[in-house]
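*Asks:* how would this look folded up:
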Amino acid sequence: EVPADVVQLSSSEEEGGSYVDTCNLDGETNLKIKSALSATATCNTHALVSRLSGSLDYEGPNKRLYTFFGKAVINKETV
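*Replies:* Sure thing, here's the model as predicted:
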């Protein structure tokens with residue numbers, strides 16, 4: 001359980017996908033499919049992730065569960 005907003009960089013699944021349980025937030029019991037950033041989805045080892053450099057610019061906390069506004073700059077490329 002992660003009690004925070006998360007930006008998924010990668011996962012062990014193809015295409016950087018994962019399944020997220022949000023029942024504590026919205027009461028829905030079905031898993032939701034989430035995807036990693038396209039620029040980082042294939043970085044699935046510690047060595048590859050350690051080569052990443054960048055920053056995140058994002059909105060402050062709010063009550064909207066289904067939208068997120070932000071910008072990622074990964075290795076000098078905005079994604």
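
*Asks:* which residues touch the most far-flung residue of the chain relative to its centre?
*Replies:* No residue in the chain sits farther from the centre than residue 27, which is 21.0 Å out by C-alpha atoms, centre = their mean. By C-beta atoms under 8 Å, 6 or more residues apart in numbering, residue 27 lies in contact with nothing. Glycine gets a C-beta too; all of them are placed from N, C-alpha and C.

*Asks:* Low-confidence stretches in this protein?
*Replies:* Scanning the chain for pLDDT under 70 picks out 1-4.

*Asks:* quick one: the helices in it?
*Replies:* Here the chain has its helices, by DSSP state H, at 23-26, 46-50.

*Asks:* same for the shortest one, what does it pack against?
*Replies:* Taking 3 or more C-beta pairs under 8 Å, 6 or more residues apart in numbering; DSSP states H and E as the contact definition, helix 23-26 has no neighbouring helices or strands.

*Asks:* CA atoms of that helix as CSV?
*Replies:* C-alpha atoms of helix 23-26 as CSV (Å, rounded to 0.1, in the frame of the first residue of the first chain):
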residue,chain,number,x,y,z
CYS,A,23,-10.6,0.7,-3.1
ASN,A,24,-9.4,2.8,-0.2
LEU,A,25,-9.9,5.9,-2.3
ASP,A,26,-13.0,5.3,-4.4
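
*Asks:* Save the helices of the chain as CSV, and put in mean neighbour count and distance to residue 10 too.
*Replies:* Shown next, in CSV, are the helices of the chain (neighbours: other C-beta atoms under 10 Å; distance: least, C-beta to C-beta, whole Å):
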stretch, mean neighbour count, distance to residue 10
helix 23-26, 10, 23
helix 46-50, 10, 7
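
*Asks:* Go through those and name the closest to residue 17.
*Replies:* Of all those, it is helix 46-50 that lies closest to residue 17, at 16.7 Å by C-beta to C-beta.
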